[in-house]
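Q: predicted model, plus sequence, below.
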Amino acid sequence: MEKDVVIVIPAYQPNEKIMAEFMAEVKENFEHIVIVDDGSGEEQAPFFKHMKEEGFDLLIHNVNQGKGRALKTAINHVLNNYPDAIGMVAADCDGQHCVKDILKVVERLKEKPDSLVIGCRDFDKENVPLRSQFGNKMTRGIFASFVGLKITDTQSGLRAFGKDVMRAFMKVAGERYEYETNMLIACKEKDINYE
């Protein structure tokens, strides 16, 4: 059971069955898990209440504020409430990141707690839509050309970082999905290692 890292799951109107199955698997491997309900609404309130009853640390936004704000809420909560953790891992609630991959980024984080560790999806699999393949390749090219960062999967929601990096990311602009892109740009501006 992994105790050194806090797993953070931002969620907005998730598929309850998929998320429940994913969370059960995460819970088998990690002791500290924070879920941020980013304003999913009254219809899903019983689901999130059940998640809390299952022992997950639940944070709730009354209205949807965006993934960036959900991540910042979680970062602040982890910094204030998990003093013994070396850092956190953010993963999407839809199960697209398997626990095996989460464990891999945790191990890398332990080796390099002053870095941003980015999980990478395999865009060359047969079941990946052409639109996703094209979008990822285009974004990689733009990042390499204009920002000077060579990142395999710029949109991956699987990210791990230690406490000093968490503090730096609290100051990064962005409330919605642009926040994840801004985190990458901040790595260059603040001289944060990434991999």
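A: Done, it's in.
Q: just give me the residue right at the centre of the protein.
A: Nearest residue to the geometric centre of the chain (Cα atoms, centre = their mean): A90, 2.3 Å.
Q: any idea of the pLDDT on that residue?
A: On pLDDT, A90 comes in at 96.
Q: surely it meets M166?
A: No - A90 lies out of contact with M166 (Cβ atoms under 8 Å); the separation is 10.4 Å. From N, CA and C alone the C-beta is placed, and that goes for glycine too.
Q: for M19, see how far away the residue nearest to the centre of the chain is.
A: Distance from A90 to M19, counting by Cβ to Cβ, to the nearest Å: 15 Å.
Q: continuing past the worst-scoring helix or strand of the chain on mean pLDDT, what's the next helix or strand?
A: Ranking every helix and strand in the chain by mean pLDDT, DSSP states H and E puts helix 130-142 at the bottom, with a mean of 55. Sequence order places strand 159-162 as the next helix or strand after helix 130-142, per DSSP states H and E.
Q: partners of that following strand, with directions?
A: strand 87-90 (antiparallel), strand 115-118 (antiparallel) (DSSP bridges).
Q: got the CA coordinates for the first one in CSV?
A: So the one you mean is strand 87-90. Output in CSV follows, covering the C-alpha atoms of strand 87-90 (Å, rounded to 0.1, in the frame of the first residue of the first chain):
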residue,chain,number,x,y,z
GLY,A,87,3.9,15.0,-3.4
MET,A,88,0.8,14.2,-5.4
VAL,A,89,-0.4,12.4,-8.5
ALA,A,90,-3.3,13.8,-10.5
